[in-house]
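**Q** Quick check, what structure comes out for this input:
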Amino acid sequence: MSDPNPIDVEVGARLRVLRRVRGLSQSDLAERLGLTFQQVQKYERGANRISASKLWKVAEVLKVPVGELFGDPSPADGDGSPGQVGDADLLRAWNLIESEHQRRAVLSLVRSMGPGKA
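**A** So this is what the prediction gives:
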C-alpha cells in the first residue's frame, strides 16, 4: 500500500480543523454526509480521497467555500484578502500553544477584546 497523497492529507487536515471549529464530532459529520464515522476518519487522515461531489457536500455542511478545504482565501476568512484570519487559522495557532498557562492568558486576552470591550 502506498503512502497517502500529500494533497489528500492536507485536505483531510483542513476538514478536521473545520469540523472541530464547527463543534462537530466525526459521527455528527458522518451522519450529515451519509457516511460512517470510520469513513470520515479515513478522509481526515488522507487515507481515502474525497470525491468532488463529496467535497461539495462537506463544504456545504461546514458552511465554507470548497476552496477553503484546499487552503484558498475565501469570504469565510474575512474578505478573502491577504492578511485576513479565519477560524481555521485561529484553531491551528491555538493547537500550537502547548502551555496551559499561555492558553489561559490568550483566552483572557481574546475575551477582553470581545463585544463592548473595545
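**Q** pLDDT score assigned to the closest residue to residue 22 other than its chain neighbours?
**A** Spatial nearest neighbour of residue 22, chain neighbours left out: residue 62 (5.8 Å); criterion: Cβ to Cβ, 6 or more residues apart in numbering. The C-beta positions use only the backbone N, C-alpha and C, and glycine is treated the same way. Residue 62 carries a pLDDT value of 92.
**Q** Torsion angles phi and psi at residue 62?
**A** phi -80, psi 0 (degrees, to the nearest 10).
**Q** swap in residue 7?
**A** Torsion angles at residue 7 (phi, psi; degrees, to the nearest 10) stand at phi -70, psi -40.
**Q** Is there a neighbour count for it? I'd like the number.
**A** 11 (other Cβ atoms under 10 Å).
**Q** Spit out the contact partners of the residue nearest to residue 22.
**A** 15, 18, 19, 22, 24, 68 (Cβ atoms under 8 Å, 6 or more residues apart in numbering).
**Q** make it 7 Å
**A** 18, 19, 22 (Cβ atoms under 7 Å, 6 or more residues apart in numbering).
**Q** among the residues you listed, who's most crowded?
**A** Busiest of these [other Cβ under 10 Å] is residue 18, holding 24 neighbours.
**Q** Just name the shakiest helix or strand of the protein by mean pLDDT.
**A** helix 87-96 (a mean of 73; mean pLDDT, DSSP states H and E).
**Q** could you dump that helix to CSV, C-alpha only?
**A** The C-alpha trace of helix 87-96 is given here as CSV (Å, rounded to 0.1, in the frame of the first residue of the first chain):
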residue,chain,number,x,y,z
ASP,A,87,-11.5,30.2,12.0
ALA,A,88,-9.1,27.5,10.7
ASP,A,89,-6.1,29.8,11.2
LEU,A,90,-7.1,30.5,14.8
LEU,A,91,-7.6,26.9,15.6
ARG,A,92,-4.3,25.9,14.1
ALA,A,93,-2.5,28.6,16.1
TRP,A,94,-4.3,27.6,19.3
ASN,A,95,-3.3,24.0,18.9
LEU,A,96,0.4,25.1,18.7
